[in-house]
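[1] Structure for the following, please:
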Amino acid sequence: MQRVRLEHDYPVSPDRLWQLATDLDALAEVSGGMVQFRGMPSGRVREGQVIDVEVSLLGLFPWRPYRMRVISCDDAARRLVSEEEGMGVELWRHSLSVTGEEGAARLIDEIEIEAGWKTPIVARWARFLYARRDAPRRRLLGLE
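    Numbers count the residues shown, from 1 in each chain. Got it, this is the predicted structure:
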């Protein structure tokens, strides 16, 4: 298993950032075409939700089944934990949290990955993918 951690700071309220980070409609936009989704539901993530979709990396690779289970989604603590699998990944445990105070929020992504011999490659992809979400997220927040 390998772990990836990224932190991004935004000059917005933590509640505003949390709302965006847990909005499934924003997921395709913040993924910036790096991962494309078919069958993604709309609305906010909710605890206990199981999301079965198809994904294509860069829109170039064949569509593959992918499952996301929302283990917890705590609005008060602004913390989300999901366990995901598919595309050759046995486990992609994503913990997302938002901290801060009015006008200064931090989004923390922590991902644990198990993909057999591909784990180091998938971990590098995760770091790249989550780093690339910053610019589209800023646009959605009206910061650019």
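
[2] quick one, strands of the protein?
    In the chain, strands defined by DSSP state E lie at 2-10, 35-38, 50-57, 64-74, 79-86, 89-101, 104-114, listed in chain order.

[3] what's the angle from the first one to strand 104-114?
    Taking axes from the mean of the first three to the mean of the last three C-alpha atoms, to 10 degrees, one finds strand 2-10 and strand 104-114 inclined to each other by 170 degrees.

[4] Could you list the buried residues of strand 2-10?
    4, 6, 8, 10 (16 or more other C-beta atoms under 10 Å). (Glycine included, C-beta is placed from N, CA and C.)

[5] Can you tell me what sits against it?
    Residues outside strand 2-10 that contact it (C-beta atoms under 8 Å, 6 or more residues apart in numbering): 17, 104-114, 119-120, 122-123, 126-127, 130-131, 133-134, 137-138, 141, 143.

[6] distance between it and the chain's centre?
    Distance, stretch centre to chain centre, for strand 2-10: 11 Å (C-alpha atoms, centre = their mean, to the nearest Å).

[7] Run me through the strand neighbours of it, direction for each.
    Strand 2-10 pairs in its sheet with strand 104-114 (antiparallel), by DSSP bridges.

[8] what residues does the strand it pairs with touch?
    Applying C-beta under 8 Å, 6+ apart, the external contacts of strand 104-114 come out as 1-14, 16-18, 21, 89-100, 119, 122-123, 126, 130, 137.

[9] Equivalent analysis for stretch 21-30, please.
    The list of residues contacting stretch 21-30 from outside it, by C-beta under 8 Å, 6+ apart, reads 20, 36-37, 40-45, 51, 73, 80, 96, 98, 107, 133, 136-137, 140.
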